[in-house]
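**Student:** Pasting a predicted model and its sequence here:
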Amino acid sequence: MGLDLFGPSHICIVAADLDVAMRELGAVWRTSWTAGRDGTVGIPFRSGSSITTVHLRSAWGERGPLRVELIQAVVDTIWPPGGADYFHHLGYSVPDLQAEARRMTALGLELEWTRAEGPFDINAFGYFRLPGGVRIELVSRAID
């Protein structure tokens, strides 16, 4: 099958300051924001053989069909501070996460980051990086 270049379910921007980004981008895009994660719960993520617990803050733009995810920058994670807001990834909702993940790795994309539950196998979502640096997130349609 394959991913449709023009059919991502969302784009993600990592924000140096989530509250400022919501205010500034909300005004520009004429959208309000729905809270995602509030940072109170530590979520274990896996990268290679290491597990990192992250207290993630996020928000979702309320307009679509292409949704915008904002994530507060977190030091020493896949969402590092960059000094300013920056584009992070294109997200795709897929019906068969395992099959699409195998296809991505067969094409040479590196599985960078996923939830840490269970063995190192993609579950719920996964970030894949192309050799040139572009990041794609695959999200199970069951949770997206």
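**Tutor:** Alright, I've got the coordinates.
**Student:** number of nearby residues for the residue lying closest to G7 once chain neighbours are set aside?
**Tutor:** Closest residue in space to G7, ignoring its immediate chain neighbours: Y92 at 7.4 Å, by C-beta to C-beta, 6 or more residues apart in numbering. For the C-beta atoms, the positions are set from N, CA and C on the backbone; glycine is no exception. Y92: 20 surrounding residues under other C-beta atoms under 10 Å.
**Student:** cool, and the one 10 residues further on?
**Tutor:** The tally of other residues near R102 (other C-beta under 10 Å) stands at 12.
**Student:** Next: A21.
**Tutor:** A21, neighbours per other C-beta under 10 Å, totals 21.
**Student:** where does it fall, phi/psi-wise?
**Tutor:** phi -60, psi -40 (degrees, to the nearest 10).
**Student:** one step back: specify the next element, helix or strand, located C-terminal of the host helix or strand of the residue nearest to G7.
**Tutor:** Assigned by DSSP states H and E, Y92 belongs to strand 86-94. Using DSSP H and E, the helix or strand that follows strand 86-94 towards the C-terminus is helix 97-106.
**Student:** residues in contact with the lowest-mean-pLDDT helix or strand in the chain?
**Tutor:** In the chain, no helix or strand scores lower on mean pLDDT, DSSP states H and E than strand 110-115, which sits at a mean of 88. Contact partners of strand 110-115, identified using C-beta atoms under 8 Å, 6 or more residues apart in numbering, comprise 43-47, 78, 101, 104-105, 120, 122-129, 135.
**Student:** what do you get if the cut-off is 10 Å, keeping everything else the same?
**Tutor:** Under the contact criterion C-beta atoms under 10 Å, 6 or more residues apart in numbering, strand 110-115 has outside partners 43-48, 51-52, 54, 77-79, 89, 97, 101, 104-105, 120-131, 135, 137-138.
**Student:** so the residue nearest to T53 when sequence neighbours are not counted bridges to which residues?
**Tutor:** Using C-beta to C-beta, 6+ apart and skipping the chain neighbours, the partner closest in space to T53 is G42 (4.1 Å). Following DSSP bridges, G42 is listed with bridge partners H55.
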